[in-house]
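Asks: model this:
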Amino acid sequence: MQIHVRGYESGDPRVKPAAGHGIDRPTELPDRMDVLIVGTGPAAVVVLAQLSRFPSIDARAIERRPGRLAVGQADGIQARSVETFQAFGFATEVTDEAYRNVEMCFWKPSPDDPSKIVRASRAPDDATGISEFPHIYVNQSRILDYFLRDAVRAPGRAVPDYGIEFVDCTIDPEAEYAVTARVRYTAGARQGEERTVRAKYLVGGDGARSAVRASLGHRLEGEASMHAWGVMDVMANTDFPDFQVKCSIQSQAAGNILLIPREGGYLSRMYVDLGEVDEHDAGAVRETPIEAMIDAANRILSPYSLDVRAVTWWSVYEVAHRITDGFDDVPAGLSGQRSPRAFIMGDACHTHSAKAGQGMNVSIQDGFNLGWKLAAVLERRAPESLLATYAAERKVVAQNLIDFDREWSAMMARPVDSWEDPDELERWYLATMEFPAGFMTEYTESPITLGTEHQHLATGFPVGKRFKSAEAIRRADNRWMHLGHLHEADGRWRVYVFADAAAPGLAGTPTADFARWWVEDPDSPRVLYTPGDGDDDAVFDTKVIYQQDYTAFDPSDVPPAFKPVKVPFGLVDTNQIFASGHGRDIHRDRGISRDGAIVVVRPDMYVAAVLPISARQELTRFFAGHMLPPAQRIRPEPIRSIHDRIRL
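Replies: Residues are numbered from 1 along each chain as shown. The predicted structure is shown next:
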């Protein structure tokens with residue numbers, strides 16, 4: 001964490017000074033706002049936390065509940081989500097309190113006595129090292145708490161407006177405040193009262209029964225399987241030896257269990273197979289009492305027993321796989337002709353089984369994808385057309401999720417005697433591990449993602465996929481640092497310059513020539529799009545990674561382009577210079593050409609481009625395709641912090 005750049009900070013550096021709309025933030029929902037967010041689920045809180053970092057943006061989130069979510073239904077946190085938590089600054093806190101999954105055990109009927117189960121095999125959770133972050137389990141409510149805490153610590157000081165529900169809306173795409181929404185108070189002295197508010201943009205993160213989706217005229221399409229599962233969070237005494245290990249448990253005739261240990265060491269979640277559903281009375285299974293669910297679990301676990309001492313939450317559901325027919329308010333016939341003003345995310349867009357741990361994780365990425373784009377458009381750093389990429393990118397991800405989960409949930413429900421190959425489930429689990437971990441998302445070519453023409457220059461950073469972090473030595477303090485861990489959710493683009501083989505120098509090398517162009521040529525993106533009154537790296541976080549050992553050069557040998565100057569004191573930042581050392585080589589480990597390469601990473605941590613160091617025109621054209629030229633950018637009035645007001 002880099003702090004004290006604006007002056008000495010004696011308090012918690014994670015709490016930023018209030019600014020803009022964060023100063024004297026109204027406690028009452030205003031009549032007009034930039035963004036109205038409906039719901040406080042995973043996708044919604046990510047958008048709120050992201051937008052709160054931009055104090056010029058007035059974002060409000062309404063929630064029909066009278067307060068925070070106390071008990072959430074989701075609990076599995078994949079490694080990609082933990083990477084995202086790092087960008088918001090709380091990954092370490094979450095992993096410290098969570099259960100960390102290290103392996104999965106597979107239990108099957110004993111060959112000697114099929115009425116009893118035995119441990120058949122074990123599978124490591126991440127045998128290939130797809131992420132340095134773990135796969136964890138922690139209640140959804142805690143994840144929401146962390147994002148909401150981030151939102152209130154940010155300059156915008158955003159907090160949800162609880163006790164207000166969305167009713168419906170109309171949209172005039174030509175108006176500045178395009179959305180006219182009707183809301184209703186659900187708690188407090190104003191309960192039952194309705195009022196109308198207006199917003200430039202509407203974001204619906206209000207769950208599978210989304211009122212925003214209905215108001216936009218969209219619906220979930222798909223089908224439900226005729227198979228039911230009970231899910232219960234229990235505190236129990238048991239002689240089952242793997243009760244604190246993730247398990248797939250298949251019995252001979254009593255059904256199956258997916259066992260998910262929970263944080264704290266005493267709580268576990270059990271998905272209990274309740275069998276096929278009568279198509280003529282599908283709702284009856286939802287009345288299954290908890291006692292029947294516990295009895296079913298004991299039959300499956302035989303010869304082991306489960307003595308449940310407390311049930312903290314339970315439910316019954318039938319697996320359904322559905323996806324919405326639209327992710328924004330633009331009719332299919334007008335796609336590309338006008339920009340969207342309303343969006344839906346998370347369960348409002350896609351529903352599926354809970355057993356692959358995808359609901360919260362995919363929703364978080366929905367929110368991260370949309371949040372930075374809304375910020376760029378509202379701050380007039382990007383044209384409105386950027387917002388069309390949200391639906392284009394996330395609908396593909398949602399469909400892939402539905403396809404994966406349909407296969408996974410079907411396999412989990414199969415009777416054990418239907419398997420021709422008894423090891424097929426384990427092999428499928430290992431072969432597909434990268435998908436549920438969140439790393440198979442691959443955005444195709446678009447205005448914000450280039451093609452793969454130059455992929456050979458950096459094979460370890462596939463274009464369109466998330467930036468897989470790697471360690472290098474930061475030359476300022478000679479510490480090993482994960483490059484990806486320095487990627488904050490601040491809306492900036494990352495430009496990683498992996499230097500050519502020449503020694504660092506101020507002139508005469510391809511890297512030095514690029515550096516001079518980057519900060520001196522009036523047509524370079526760095527010069528063209530960076531405001532002249534702020535930090536040099538306000539828009540582009542530019543880092544250089546040299547091939548040489550860190551002991552072979554000093555920061556003074558490095559061009560100024562990699563040493564941005566910070567306001568208000570003109571401090572030179574030498575923390576953006578990296579190198580190899582101690583026999584480790586990031587160029588080798590990530591397949592970087594010895595001739596060098598530029599890796600451009602989007603604000604949501606996905607690789608947007610891999611280019612040669614000499615590819616100045618390509619880099620210029622790329623950013624010109626989704627950033628506003630200075631002549632078109634209407635700069636807002638400066639927003640003064642409370643400290644500025646005091647000085648005035």
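Asks: tell me, how many residues neighbour residue 72?
Replies: 17 (other C-beta atoms under 10 Å). Using the backbone N, CA and C atoms, a C-beta is placed for each residue, glycine as well.
Asks: surely it is in contact with residue 137?
Replies: No - taking C-beta atoms under 8 Å as the definition, residue 72 is not a contact partner of residue 137, at 11.9 Å.
Asks: quickly find the element holding the residue of the chain positioned farthest from its centre.
Replies: Computed with C-alpha atoms, centre = their mean, the residue of the chain farthest from its C-alpha average is residue 112, at 46.5 Å. Per DSSP states H and E: residue 112 is located in neither a helix nor a strand.
Asks: residue 93 too?
Replies: Per DSSP H and E: helix 91-97 holds residue 93.
Asks: so where do the helices sit in this structure?
Replies: In the chain, the helices defined using DSSP state H lie at 42-52, 79-88, 91-97, 140-153, 211-215, 290-301, 359-378, 388-413, 424-431, 510-520, 525-529, 586-589, 616-624, 642-647.
Asks: which residue is nearest the middle of the protein?
Replies: Note: the chain centre (C-alpha atoms, centre = their mean) maps to residue 365, 3.3 Å.
Asks: from residue 477, how far off is it?
Replies: 32 Å (C-beta to C-beta, to the nearest Å).
Asks: next one: residue 544
Replies: From residue 544 to residue 477 the distance is 16 Å (C-beta to C-beta).
Asks: neighbour count for the two, which is higher?
Replies: The neighbour comparison of residue 544 against residue 477 (other C-beta under 10 Å) goes to residue 544, with 24 against 9.
Asks: for beta bridges, what are the partners of the more buried one?
Replies: Counting by DSSP bridges, residue 544 is bridged to residue 497, residue 577.
Asks: sorry, back to before: the residue nearest to the centre of the chain touches residue 440, doesn't it?
Replies: No - between residue 365 and residue 440 there is no contact under C-beta under 8 Å: 11.7 Å.
Asks: okay, and the common contacts of those two?
Replies: Residues touching both residue 365 and residue 440 (C-beta atoms under 8 Å, 6 or more residues apart in numbering): there are none.
Asks: which residues of the stretch 301-450 of the chain score low on pLDDT?
Replies: By pLDDT under 70, the weakly predicted segments of the stretch 301-450 of the chain are 353-357.
Asks: typo on my end, it should be the chain
Replies: Regions of the chain meeting the criterion pLDDT under 70 cover residues 225-226, 279-282, 353-357, 630-648.
Asks: go again using 50 as the cut-off
Replies: Under the criterion pLDDT under 50, the flagged ranges of the chain are 633-648.
Asks: returning to what we had before: could you give the separation of the helix holding residue 93 from the chain centroid?
Replies: 16 Å (C-alpha atoms, centre = their mean, to the nearest Å).
Asks: what does it contact?
Replies: With C-beta under 8 Å, 6+ apart, helix 91-97 has contacts from 77, 82, 83, 85, 133, 134, 136, 138, 142, 143, 146, 263.
Asks: how about those residues, which pair is most distant?
Replies: By the measure C-beta to C-beta, 83 and 263 form the most distant pair in those, at 19.3 Å.
Asks: more neighbours: which of the two?
Replies: residue 83 (24 against 18).
Asks: count the neighbours of the closest residue in space to that one that isn't next to it in sequence for me.
Replies: Once flanking residues are discounted, residue 83 sits nearest to residue 133: 5.6 Å by C-beta to C-beta, 6 or more residues apart in numbering. Applying other C-beta under 10 Å, we find 25 residues neighbouring residue 133.
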